[in-house]
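**Student:** I need the structure of the sequence given here:
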Amino acid sequence: MRSLKLKIEGMHCQGCAQTLQAVFKRSPGVREAKVSFEDRAAQILVDGPQPDLRQMVALVEQAGFEAKAEEEAP
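**Tutor:** Model (predicted):
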């Protein structure tokens, strides 16, 4: 399992964070996702090589927010 971290811009409330968390959890390969409105960040646990950071950033952008990859840990 790998941990992906993203910085997220454009969230205006806790509802935005909950929406993004649901988007991540519906993505194949995502085992767990936590989005923090206060920290403007997401931590996502994934299985295997997919999904990767690029895919997670694309999901955030499709949801109407901006994301920047923070790190990827093995």
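
**Student:** number of nearby residues for the closest residue to G64 other than its chain neighbours?
**Tutor:** Residue nearest to G64 in three dimensions, not counting chain neighbours: G10, with 6.9 Å by Cβ to Cβ, 6 or more residues apart in numbering. Glycine gets a C-beta too; all of them are placed from N, C-alpha and C. By other Cβ atoms under 10 Å, the residues close to G10 number 14.

**Student:** distance from the chain centre to the host helix or strand of R54, please.
**Tutor:** Taking DSSP states H and E as the definition, R54 sits inside helix 53-62. Averaged C-alpha coordinates place helix 53-62 at 7 Å from its chain's average position (Cα atoms, centre = their mean, to the nearest Å).

**Student:** for the chain, which residues score under the pLDDT cut-off?
**Tutor:** Low-confidence segments of the chain (pLDDT under 70): 71-74.

**Student:** quick one, helices of the chain?
**Tutor:** Assigned by DSSP state H, the chain shows helices spanning 14-26, 53-62.

**Student:** with mean neighbour count and distance to K5 added, can I get these in TSV?
**Tutor:** Shown next, in TSV, are the helices of the chain (neighbours: other Cβ atoms under 10 Å; distance: least, Cβ to Cβ, whole Å):
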stretch	mean neighbour count	distance to K5
helix 14-26	16	12
helix 53-62	16	9
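
**Student:** dump those helices into JSON lines; add distance to E38 as well.
**Tutor:** Formatted as JSON lines, the helices of the chain follow (distance: least, Cβ to Cβ, whole Å):
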{"stretch": "helix 14-26", "distance to E38": "9"}
{"stretch": "helix 53-62", "distance to E38": "17"}
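
**Student:** now the angle from the helix holding R54 to helix 14-26?
**Tutor:** 140 degrees (axes from the mean of the first three to the mean of the last three Cα atoms, to 10 degrees).
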